[in-house]
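>>> Pasting the sequence and the predicted coordinates here, then a few questions.
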Amino acid sequence: MKVGFQTTNDNKYQSIQAEGLNASPVMVSVAQKKDNNMDKFLVWHIEGGLGKNVAATSLLPSLAKKYKGRKIVVVASYPEVFLNHPDVYRVYRVGMTQYFYEDYILGKDTIVFRHEPYFQTGHILKQKHLVENWADLLGVEYKKQLPNLHMNMVQKNFAGSWKRDKPVLLLQTNGGLFSGQQHGYSWTRDIPIELALYIAEKTIEKYHIIQLTRENTPVMQGVEVVNQPMTNMELFSLVAASDRRVLIDSCLQHAAAAMNLPSTVLWIGTAPENFGYDMHTNIKSLPPKGSTKLIDAYLFDASFEGIPHECPYNDINEMFNLQEIDKALKS
């Protein structure tokens, strides 16, 4: 018996001929070794809250254009935001990056961006938008790009569950819970319950009001309250299904911008210059009266957590011009 090897012309297969066995040649596949060194990557590491992750999507098309030929790998605290994005090659959750070094760093042609735009001078001094600061760090041009969310077929269908008999007004009174926040209400971003009731009374005849809030926070009577846990894409579907929106500085105002849904956004301890979008009606709180002691302020005037002793207001009339809110609700 002779056993011989014959290589085909394309070098993908080899045949084994066994004389005297009355058998056809056996074709054995020889796996080609993929050389990952031929791929070029761009790794973008994004930490922070859900809204910050949504805002980051603004620059993905610009990154893909500037670094054409590189596969964009996103490592994010909220990977679901990037899963369906056409400009993203792979998505990893922060802290869940098994074999990442071997796959994308060791001996690879890779550019890595891991910056914190919050700590740039333009952001701290409220001179530049979050996305503009990020664009500077990434080396791409800032053109007031808007976020862009990409939902799959199932996620788009979530919006159908929010249809009601009357047009829906989404009234977000409270935002995401931050580590270190001891109270359900954060004065720097959340809408005081008194102001929420004022808005509801002005709109209840025309709209079915859905109050979106966290668990263990004040809720209104006579409106639909949504405070149960849900996925972030289900949360965004509520924005998509709403006919009007009164929001706070949170992931939802970023999502509304991504969906091209103009909204009324109330700003208290944060500023639209840093986080807002021109498409929204941005209503800023009034300057505090009297001598406010910012004893714990370092690089920012007020913390996201809304530490009670930092609040400089005595009531909602000191916090907002209610006539400005009335005008926005009538428009």
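Looks like it arrived, so ask away.

>>> mind checking how far the residue nearest the centre of the chain is from G48?
Geometric centre of the chain, nearest residue: V54, 2.1 Å, by CA atoms, centre = their mean. According to CB to CB, to the nearest Å, V54 and G48 sit 10 Å apart. Any C-beta I mention is one placed from the backbone N, CA and C, and that applies to glycine too.

>>> Helices of the stretch 101-250 of the chain, start to end?
With DSSP state H, counting those that start in this stretch as the criterion, the stretch 101-250 of the chain has helices at 121-124, 130-138, 153-157, 193-203, 232-241.

>>> Tell me how the chain divides into domains.
Domains of the chain are assigned by automatic domain parsing as 1-32, 36-138, 159-330.

>>> Same list, the ones you listed, but as TSV with mean pLDDT and distance to P147 please.
Shown next, in TSV, are the domains of the chain (pLDDT from 0 to 100; distance: least, CB to CB, whole Å):
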stretch	mean pLDDT	distance to P147
domain 1-32	40	40
domain 36-138	96	5
domain 159-330	91	4
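
>>> and these as JSON lines, adding distance to M153?
Shown next, in JSON lines, are these (distance: least, CB to CB, whole Å):
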{"stretch": "domain 1-32", "distance to M153": "35"}
{"stretch": "domain 36-138", "distance to M153": "10"}
{"stretch": "domain 159-330", "distance to M153": "12"}
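
>>> so which of those comes closest to L146?
Minimum separation from L146 across the domains of the chain (CB to CB) falls at domain 159-330, 5.1 Å.

>>> what about that closest one, start to end distance?
25 Å (CA to CA, to the nearest Å).

>>> Relative to the whole chain's centre, how far out is that domain?
Relative to its chain's centre, domain 159-330 lies at 17 Å (CA atoms, centre = their mean, to the nearest Å).

>>> cool, stretch 108-118 as well?
18 Å.

>>> Ok, stretch 39-55 next?
Offset of stretch 39-55 from its chain centre (CA atoms, centre = their mean): 9 Å.

>>> that older thread, and the residue nearest to the centre of the chain, what are its phi and psi?
Main-chain torsions, V54, degrees, to the nearest 10: phi -60, psi -40.

>>> swap in the one 4 residues further on?
Comment: the main-chain dihedrals of S58 come out as phi -60, psi -30, following degrees, to the nearest 10.

>>> So the spatially closest residue to it that is not a sequence neighbour versus D103, what's the distance?
Distances taken as CB to CB, 6 or more residues apart in numbering place Q145 nearest to S58, at 4.1 Å, with adjacent residues excluded. For Q145, the distance to D103 (CB to CB) stands at 29 Å.

>>> same thing with T97?
9 Å.

>>> buried residues in stretch 126-134?
128-134 (16 or more other CB atoms under 10 Å).

>>> Quote the end-to-end distance of that stretch.
End to end - CA to CA - stretch 126-134 spans 14 Å.

>>> Measure how buried G69 is and give me the count.
9 (other CB atoms under 10 Å).

>>> Oh, that last question was meant for C251, not what I typed.
Per other CB under 10 Å, the neighbour tally for C251 reads 25.

>>> when you give positions from now on, start the count at 673
Let's use 673 as the start, then, which means that last one is C923.

>>> which ones are touching the residue nearest to Q827 when sequence neighbours are not counted?
Computed as CB to CB, 6+ apart, the closest residue to Q827 that is not its neighbour in sequence is M905, at 4.5 Å. Neighbour list for M905: 752, 823, 827, 830 [criterion: CB atoms under 8 Å, 6 or more residues apart in numbering].

>>> Appreciated, that's everything.
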